[in-house]
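Undergrad: Sequence and predicted structure below; questions after.
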Amino acid sequence: MFEWPDNLPHNTFKQALSRGQRQVGIWSSLASPVAAEIIAGAGFDWIVIDGEHAPNDIPSLLSHLQAMRGGSAEPVFRVPWNDAVAIKRALDVGARSLLVPFVQNPHEARAAVAAARYPPLGIRGVAVAPRANDYGRVRGYHQIAHLNTCVLVQLESRAALTEVEAIADVDGVDGIFIGPSDLAADFGHLGNPKHPEVQAAIRDAAQRIRAAGKSAGTLSGNIEDVEQLFNFGFNFVAVGSDVGLLARGAEDLAARFRNGESNGAPAQKGR
């Protein structure tokens, strides 16, 4: 009887998605391991380390993973593209949950899954002792790695939305993530994901993804909209970002004390 290695922690995020459980996440784009360490211990279920639209490469991903070790959140690395080399390198340094952008159809979804699995299940290149298997200390890692690897595919165009059911049917896809900003752009509403046409498409996608038996994910920059997204049917949602927390928090603090004003008290002029 097979026994799971004691030194290979289970991917509880992947397990939660398989059960359709609600998972609250946050986006990390500051490219700072210190910031990642701070939010990793804040109580979130998952954190996206963005390698597509933030200056995160493989060395910085490694630093993030080291900083987040021991936190409550599962690191999810958004690779820069659906590229087998990028996926292989991310997995080898220890990322075990991936978000693959701009997946358009089941063929591209299968390519993402294949890049994340060793032969004969896929095409992932074999390193004997990467950080992913604790430098060769995890017994049987290469045979079971796919059981602990979470592959999320990101749909961000009208064409991709027509393929929801076919993409959901791809073995190895753990969840489907809807990218609202690019979707809005493709609908002709650049910068306006709140447009009714876009919102209707997002709501419809969530319902179809869940009906197909897969977890549905997205993100929001407005915490007031989050519960509505869960009500739409999404079950893993990024509810903010480290950039947003820092930028808006700094602006609010500066505004409160600008010109010597605080708590509504008038500024005191110097003598």
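TA: Everything's here; your move. As the structure is a computational prediction, the values presented were derived from the model and not from experiment.
Undergrad: Please make it C-alpha for all contacts and neighbour counts, starting now.
TA: Fine.
Undergrad: roughly how far apart are the spatially most central residue of the chain and residue 26?
TA: For the chain, residue 48 is the residue whose C-alpha lies nearest the centre (C-alpha atoms, centre = their mean; 3.9 Å). Taking C-alpha to C-alpha, to the nearest Å as the measure, residue 48 falls 6 Å from residue 26.
Undergrad: Let me see the backbone angles for the residue lying closest to residue 54 once chain neighbours are set aside.
TA: The spatially closest residue to residue 54, leaving aside those adjacent along the chain, is residue 29, at 5.3 Å (C-alpha to C-alpha, 6 or more residues apart in numbering). When quoted as degrees, to the nearest 10, the phi and psi of residue 29 stand at phi -120, psi 0.
Undergrad: For residue 29, which residues are in contact?
TA: Contacts of residue 29 were listed using C-alpha atoms under 8 Å, 6 or more residues apart in numbering, and they are 49-50, 53-56, 241-243.
Undergrad: in which helix or strand would I find residue 125?
TA: Assessed by DSSP states H and E, residue 125 sits outside every helix and strand.
Undergrad: Quick check, pLDDT for residue 261.
TA: pLDDT recorded at residue 261 is 62.
Undergrad: same deal with the one 10 residues further on?
TA: If you check residue 271, the pLDDT there is 40.
Undergrad: And for residue 221?
TA: 87.
Undergrad: related to what we said a few turns ago, who wins on neighbours among the contacts of residue 29?
TA: When neighbours are counted by other C-alpha atoms under 10 Å, residue 49 leads the contacts of residue 29 with 28 neighbours.
Undergrad: now for the helix or strand encompassing that one, which elements pack on it?
TA: Taking DSSP H and E as the definition, residue 49 sits inside strand 46-50. The helices and strands touching strand 46-50, judged by 3 or more C-alpha pairs under 8 Å, 6 or more residues apart in numbering; DSSP states H and E, are strand 23-28, strand 74-78.
Undergrad: Between the two ends of stretch 28-37, how far is it?
TA: Using C-alpha to C-alpha, the distance between the terminal residues of stretch 28-37 is 11 Å.
Undergrad: buried residues in it?
TA: For stretch 28-37, burial by neighbour count (16 or more other C-alpha atoms under 10 Å) applies to 28-33, 35-37.
Undergrad: Nothing else from me, thank you.
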